[in-house]
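**Student:** Below is the sequence, then the predicted model.
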Amino acid sequence: MPTPETTFTTHPQPCETIKTTEEQNTGQSRKLYIESYGCQMNFSDSEVIAAIMQQNGFDTTNEVEKADVVLLNTCAIRENAELRIRNRLQHLNSLKKKKPSMMIGVLGCMAERLKAQLLEEEKMVDLVAGPDAYRDLPNLVAEVDEGHKAVNVFLSREETYADISPVRLNSNGVTAFISISRGCDNMCSFCVVPFTRGRERSRDPHSIVREAQALFDQGYREVTLLGQNVDSYLWSSSPDVISILGEQKAIKKGVDLTGIEVVNFARLLEMVAQISPLLRVRFSTSHPKDMNDEVLHTMAKYDNICKYIHLPAQSGNSRVLELMNRGYTREWYLDRIAAIRRILGENCGISTDMIAGFCTETEAEHQDSLSLMEAARYDFAYMFYYSERPNTSAAKRFADDVPLETKKRRLQEIINLQNQLSLERNKLDIGQVQTVLIEGSSKRSEAHWMGRNSANKVVIFAKKDEKPGDYVQVHIQDCSIATLFGESYKAS
Ligand code: SAH
Ligand code: SF4
Ligand code: F3S
C-alpha cells in the first residue's frame, strides 16, 4: 500500500518523485487516486485535477486498491521518466485484472507526447488527457463509463485554470505552489516541454493574488510562484497589445497604453509580496536570458521575497549553449550571477540545472561547465546527463554522440563538485542567526523541526514551544551537504 508522501521539493524541477493523493472525504460516491511525476508544475496541476474531479462526484483516496479511477500525471522530460511510468502501468494492469471496473488514465506530458498512441501501446489505459484538457476530464470519464476509450490532447493558447481553486494535496498547511504561467516558448533544443505544454501564457495576476491571499487567510505562510520561465511572465488587460508586441516593444512603438493594465514579473512579485509581510514569496524557474535587474531590485525591496534564485545554466560553454538554443553565453550568465551578488548580497541562495554530455560536447567544454559552477558557487544543483527526446530539434539536428559511460562519468564529476560547493556554501552559514519558517517535524526525528531559511536551505533544530507556520530565529551551528543544523531562540 502506498504511503502518502510528505516531503516537499520547492523546485518545479523534475525530481521524478511520486506523490499520492491524501484521503479527502466529502461524501462523494466515487474514489479517485492520483499519482504525480515530474516537476512541481505537474504536482500543482494534480491539485487542479483533484478540484475538477471533486466537483464531479469524486473523493480522493491514498489507497490505489480502493480507487474507481486511477490517474497518473506523467512526465516526459527524460527517457527514464517515461520508463518509470511504463513500469507503473504494468503494475496497475495486474491490479486491474483483479478489479476490472478500475479506470486507468494517463495525464500530463507523456500523455501529450504520445497521444492516442499510448492506448495502442498500453492496453490497460482507458483515458488519455494532455495538460490543457483537464476541464474535459468529467466528460472523458463519462465516455469510458459508456465503454469507450477517451482522448483529449488539444493544447490551448488561453487555458490557465485561473478560476479553479486547487484542492491542496499532501499539504503541510504552511507552503503552497501557485502556477502563474503555463507552457514555454523558448524551444531549447533538448527539451520536450514546448511540445508537451504548448505555448506560453500568463495567468491573470488578480486571480494569482486572490489565490495567494486565500492561502494566507487559511494560515499558509509561503507561496512559490511557478512557471517554466517566470521572467517572461507578461499579462495585460488588453491581451492584443501584449500578444502582438510585448510590453517594451509596445511602449517603444508608441502604442498608447493609457488605461491598459500591464503586469510583468517584477510587478506581479510586488503585488503578491504586498499581501502581508508574513507571507513569504518564492518563485521558480528564472531564465538567465530574461532575468533582469528590475526583478532583483524588487526582491531587495521586500524582506518577505525570499533571497533565492533557481537559475539553470545547463552548460558553462558558449558553443554548447548555442547548440542548446539557450539564448545566452557563458559571459552573459556570469554577469547575471554577478548582478545577483551585487544587488542581493552574498547570502542569496543560487541553484542551477546542469546537463552533462550534450551532443558533441568535448572534454574541454565539460571542463567549462565545472569552472562555471565554481565561479557561480552554487548552493544546490539538479544534475542530469543528456537524454535524447524524440522530435526535439536536438534529436533532429545533432547526433547524440557522447557515449553513455562518458556522460555518466561527466555527470559524476559535476555531482562531486557540487557536493563540495554545497558544503562550502553551507559552512558560511555557521554562526549566523537566520529567520526560519517552520514547515513541520523533521523526517528523521519528532523532537526536531524542519524549516527553511530565506535562501531555501533546510534547517533542522530541536523543538521548543513553536509550531508549524511560525517564523523563528535560529542560530546555525553545524551543517552537512544538504542541511543546516541549529538552535532556535524564540518564537516571533
Ligand atoms: N524551464 C526550466 C527547465 C525545465 S526542465 C529551464 O529552462 O531551466 C528541467 C530540467 O530538466 C532542465 O533545466 C534540464 O536541465 C533538464 N532537462 C530537460 N530536458 C532534458 C534532456 N533531454 N536530457 C537531460 N536533461 C534534460
Ligand atoms: Fe524547456 Fe527551455 Fe522551456 Fe525550460 S526554457 S522548459 S528547458 S524549452
Ligand atoms: Fe514537468 Fe516533466 Fe512536463 S518536467 S513540464 S512534467 S515533461
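**Tutor:** Perfect, thanks for sending it. Ligands and ions are numbered 1, 2, ... in the order given.

**Student:** Contacts for the host helix or strand of Ile343 next, please.
**Tutor:** Secondary structure assignment for Ile343, by DSSP states H and E: helix 330-344. Here helix 330-344 makes contact (C-beta atoms under 8 Å, 6 or more residues apart in numbering) with 288-289, 291, 293, 296-297, 299-300, 307, 309, 311, 313, 316-318, 321, 328, 348, 350, 368, 372, 375-376. The C-beta positions use only the backbone N, C-alpha and C, and glycine is treated the same way.

**Student:** Now, of those, which are buried?
**Tutor:** 288-289, 291, 296, 299, 307, 309, 311, 313, 316-318, 321, 328, 348, 350, 368, 372, 376 (16 or more other C-beta atoms under 10 Å).

**Student:** Run the angle between the helix or strand containing His297 and helix 330-344 for me.
**Tutor:** In this assignment (DSSP H and E), His297 forms part of helix 293-301. The directions of helix 293-301 and helix 330-344 differ by 30 degrees, with axes from the mean of the first three to the mean of the last three C-alpha atoms, to 10 degrees as the criterion.

**Student:** Which strands and helices lie in contact with helix 293-301?
**Tutor:** helix 265-273, helix 330-344 (3 or more C-beta pairs under 8 Å, 6 or more residues apart in numbering; DSSP states H and E).

**Student:** Give me the residues contacting it.
**Tutor:** 231, 264-266, 269-270, 273, 286, 305, 307, 339-340, 343-344.

**Student:** among those, who's most crowded?
**Tutor:** Sorting the contacts of helix 293-301 by how many neighbours each has (other C-beta atoms under 10 Å) puts Phe265 first, at 28 neighbours.

**Student:** my guess is that one meets Trp235, correct?
**Tutor:** No: between Phe265 and Trp235 there is no contact under C-beta atoms under 8 Å: 9.7 Å.

**Student:** Going by the annotation, which residue ranges form each domain of the protein?
**Tutor:** Domain assignment for the chain, taken from automatic domain parsing, gives 8-152, 172-306, 310-325+340-428, 433-491.

**Student:** Need these in TSV (columns: mean pLDDT and distance to ligand 2).
**Tutor:** Shown next, in TSV, are the domains of the chain (pLDDT from 0 to 100; distance: least, C-beta to the nearest ligand atom, whole Å):
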stretch	mean pLDDT	distance to ligand 2
domain 8-152	90	8
domain 172-306	92	3
domain 310-325+340-428	98	7
domain 433-491	96	19
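
**Student:** Gly486 belongs to a helix?
**Tutor:** No: under DSSP: H, G, I helix; E, B strand; the rest coil, Gly486 sits outside any helix and is assigned strand.

**Student:** let's have the chain start at 5 instead
**Tutor:** In the new count, where the first residue is 5, that last one comes out as Gly490.

**Student:** Report the contact partners of it.
**Tutor:** Gly490 neighbours (C-beta under 8 Å, 6+ apart): Gln438, Val463, Ile464, Phe465, Val478, His479, Ile480, Gln481, Asp482.

**Student:** Restricted to helices, list those.
**Tutor:** Among the contacts of Gly490, DSSP state H puts none in helices.

**Student:** possible to save those as a markdown table with distance to Met128 and neighbour count?
**Tutor:** Below are the contacts of Gly490 laid out as a markdown table (distance: C-beta to C-beta, whole Å; neighbours: other C-beta atoms under 10 Å):
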| residue | distance to Met128 | neighbour count |
| --- | --- | --- |
| Gln438 | 50 | 20 |
| Val463 | 44 | 26 |
| Ile464 | 42 | 20 |
| Phe465 | 47 | 23 |
| Val478 | 49 | 24 |
| His479 | 54 | 14 |
| Ile480 | 50 | 23 |
| Gln481 | 52 | 13 |
| Asp482 | 50 | 13 |
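
**Student:** tell me which of these is nearest to ligand 3?
**Tutor:** Among those, Val463 lies closest to ligand 3 (C-beta to the nearest ligand atom), at 27.3 Å.

**Student:** if I read this right, Phe447 contacts Ile464, doesn't it?
**Tutor:** One thing to correct before we go on: residue 447 is Lys, not Phe. No: using C-beta under 8 Å, Lys447 makes no contact with Ile464, being 9.4 Å away.

**Student:** Which residues are in contact with each of these two?
**Tutor:** By C-beta under 8 Å, 6+ apart, Lys447 and Ile464 have these common neighbours: Met454.

**Student:** could you dump the contacts of Gly490 to CSV with distance to ligand 1?
**Tutor:** Putting these into CSV (distance: C-beta to the nearest ligand atom, whole Å) gives the following:
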residue, distance to ligand 1
Gln438, 27
Val463, 26
Ile464, 27
Phe465, 32
Val478, 31
His479, 35
Ile480, 29
Gln481, 34
Asp482, 31
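
**Student:** Distance to Phe220 for those - can I get that in CSV?
**Tutor:** Putting those into CSV (distance: C-beta to C-beta, whole Å) gives the following:
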residue, distance to Phe220
Gln438, 22
Val463, 22
Ile464, 26
Phe465, 25
Val478, 23
His479, 28
Ile480, 28
Gln481, 32
Asp482, 33
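
**Student:** from those residues, which ones fall inside strands?
**Tutor:** Gln438, Val463, Ile464, Phe465, Val478, His479, Ile480, Gln481, Asp482 (DSSP state E).

**Student:** Ramachandran coordinates for the residue in the stretch 305-454 of the chain positioned nearest to ligand 3?
**Tutor:** Nearest residue of the stretch 305-454 of the chain to ligand 3: Arg393, at 9.1 Å (C-beta to the nearest ligand atom). Note on Arg393: its backbone torsions stand at phi -110, psi 130 [degrees, to the nearest 10].

**Student:** Against Ser391, how distant is the residue nearest to it when sequence neighbours are not counted?
**Tutor:** In space, and not counting its chain neighbours, Arg393 is closest to Val196: 4.6 Å by C-beta to C-beta, 6 or more residues apart in numbering. To Ser391, Val196 is 10 Å away according to C-beta to C-beta, to the nearest Å.
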